[in-house]
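Undergrad: Following is a predicted model, sequence given first.
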Amino acid sequence: MDKILHQPLGGNDMPRFGGIATMLRLPHLPSPAGLDAAFVGVPLDIGTSLRSGTRFGPREIRAESVMIRPYNMATGAAPFDSLSVADIGDVAINTFNLLDAVRIIEEAYDGILAHGVVPLTLGGDHTITLPILRAIHKKHGKVGLVHVDAHADVNDHMFGEKIAHGTTFRRAVEEGLLDCDRVVQIGLRAQGYTADDFNWSRRQGFRVVQAEECWHKSLAPLMEEVREKVGGGPVYLSFDIDGIDPAWAPGTGTPEVGGLTTIQAMEIIRGCQGLDLIGCDLVEVSPPYDTTGNTSLLGANLLYEMLCVLPGVVRR
């Protein structure tokens, strides 16, 4: 049976301000069966430590995705000509219990991955990446990681809790989910409590690219190094929107000045072309702090760019 190549709803078929809000105006399907890739929302923010609101991230990212058209004029990628893609809705998390929400997310991704689908996740705070990686490990084993963020998220605990949005990648290392020699963290910056806030990552074998290393330059050369570092196996891409400077992405819970530009963000994602990407997420968009919608708009576009670099996407 030939797969169905779903197409985004065009602006001449339905005004872009009308219709049901799905990611890229794709069909909403109740199951990932038959898909190559699926957009899925995880509306969680009870793992945050400062400003909440990321529970509204998936809905607003979808709303701001209405202007995105199918063909990537810069790269030639035509994802909908070769991949079957749809929006499969949101994971019904437990709003009141973080650990139970983590369990629910892991089980949901077990089901998604059982269909051989590449998940493109709309967050939600960065806690969600841990249960996603747990599910991915069952299918793919240890994976490489490209992690864009202002923060390393390798705290041992937060307020005594072992699972929160700032502990994700320490838990992932401890649980054996990552191939530590194939991990790169890009955009880390600001202040810490000790030098170990970033050096812990380095001791695990991660390549840590602090934001200052990215200032005033194209990141295309860096991505050559990244592909060399993380290639050779399955790779997960996790993009925290606070990796971008708050001048461009103010709608997030823990903003830090001196960050990446939107152009550098696209260079990073486009630089992942050729990697064996088996999943991606875009996290920490907090619409209550996004008064212009620019942060959600950026998140939507970055998710589209992620779709465009998945294995199997044709270029015209």
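TA: Received the coordinates, thanks. Numbers count the residues shown, from 1 in each chain.
Undergrad: For the chain, just list every one of the helices.
TA: If DSSP state H is used as the criterion, the helices of the chain fall at 57-64, 98-114, 129-140, 168-174, 196-204, 220-230, 262-270, 294-308.
Undergrad: So for residue 245, which of these sits nearest?
TA: With Cβ to Cβ, the closest approach to residue 245 among the helices of the chain belongs to helix 262-270: 8.9 Å. (C-beta placed from N, C-alpha, C; glycine too.)
Undergrad: The closest one packs against which elements?
TA: If you count contacts as 3 or more Cβ pairs under 8 Å, 6 or more residues apart in numbering; DSSP states H and E, helix 262-270 packs onto strand 143-148, helix 220-230, strand 234-240, helix 294-308.
Undergrad: For residue 261, which of these is the nearest?
TA: helix 294-308 (10.6 Å).
Undergrad: how much distance is there from that closest one to the middle of the chain?
TA: 9 Å (Cα atoms, centre = their mean, to the nearest Å).
Undergrad: Just the C-alphas of that helix, formatted as CSV.
TA: The C-alpha atoms that make up helix 294-308 are tabulated as CSV, following Å, rounded to 0.1, in the frame of the first residue of the first chain:
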residue,chain,number,x,y,z
ASN,A,294,7.7,36.1,17.8
THR,A,295,9.0,33.3,20.1
SER,A,296,6.3,30.9,19.0
LEU,A,297,6.8,32.0,15.4
LEU,A,298,10.5,31.2,15.7
GLY,A,299,9.7,27.8,17.3
ALA,A,300,7.4,26.9,14.5
ASN,A,301,10.0,27.7,11.9
LEU,A,302,12.7,25.8,13.7
LEU,A,303,10.5,22.7,13.8
TYR,A,304,9.9,23.0,10.1
GLU,A,305,13.6,23.3,9.5
MET,A,306,14.0,20.1,11.6
LEU,A,307,11.5,18.3,9.4
CYS,A,308,13.5,19.4,6.4
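Undergrad: quick one, that helix and strand 143-148 angle?
TA: Angle of helix 294-308 versus strand 143-148, following axes from the mean of the first three to the mean of the last three Cα atoms, to 10 degrees, is 150 degrees.
Undergrad: What is helix 294-308 packed up against?
TA: helix 57-64, strand 118-123, strand 234-240, helix 262-270, strand 276-283.
Undergrad: which parts of the last one are buried?
TA: Neighbour counts using 16 or more other Cβ atoms under 10 Å place 277, 278, 279, 280, 281, 282, 283 of strand 276-283 among the buried residues.
Undergrad: before we move on, what about the fourth one?
TA: With burial defined by 16+ other Cβ under 10 Å, the residues of helix 262-270 counted as buried are 262, 264, 265, 266, 267, 268, 269, 270.
Undergrad: Identify the residues contacting it?
TA: When contacts are taken as Cβ atoms under 8 Å, 6 or more residues apart in numbering, the neighbours of helix 262-270 outside the stretch itself are 74-75, 146, 148, 186, 214, 218-220, 223, 226, 237, 239, 243-244, 248-249, 260, 298, 301-302, 305-306, 308-309.
Undergrad: List only those of these flagged as buried.
TA: In the contacts of helix 262-270, burial by neighbour count holds for 75, 146, 148, 186, 214, 219, 223, 226, 237, 239, 243-244, 248-249, 260, 298, 301-302, 305-306, 308-309, counting by 16+ other Cβ under 10 Å.
Undergrad: So, low pLDDT: which residues of the stretch 101-250 of the chain?
TA: Judged against pLDDT under 70, the stretch 101-250 of the chain has no low-scoring part.
Undergrad: again, 90 this time
TA: In the predicted model, the stretch 101-250 of the chain carries pLDDT under 90 at residues 158, 192, 196.
Undergrad: picking that back up, now compare the buried residues of strand 276-283 and name the two farthest from each other.
TA: Taking Cβ to Cβ as the measure, the buried residues of strand 276-283 reach their widest spread between 278 and 283, a distance of 17.2 Å.
Undergrad: For residue 166, see how far away residue 154 is.
TA: Spatial separation of residue 154 from residue 166 under the definition Cβ to Cβ, to the nearest Å is 8 Å.
Undergrad: Could you export the helices of the chain as TSV, including distance to residue 3?
TA: As requested, the helices of the chain are exported to TSV (distance: least, Cβ to Cβ, whole Å):
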stretch	distance to residue 3
helix 57-64	23
helix 98-114	17
helix 129-140	20
helix 168-174	32
helix 196-204	39
helix 220-230	29
helix 262-270	25
helix 294-308	16
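Undergrad: Of all the ones you listed, which one is nearest residue 40?
TA: Put simply, out of those the one that sits nearest residue 40 is helix 98-114, at 6.7 Å, with distance taken as Cβ to Cβ.
Undergrad: tell me the centre residue of this structure?
TA: The centre of the chain sits closest to residue 281, judged by Cα atoms, centre = their mean, with a distance of 1.9 Å.
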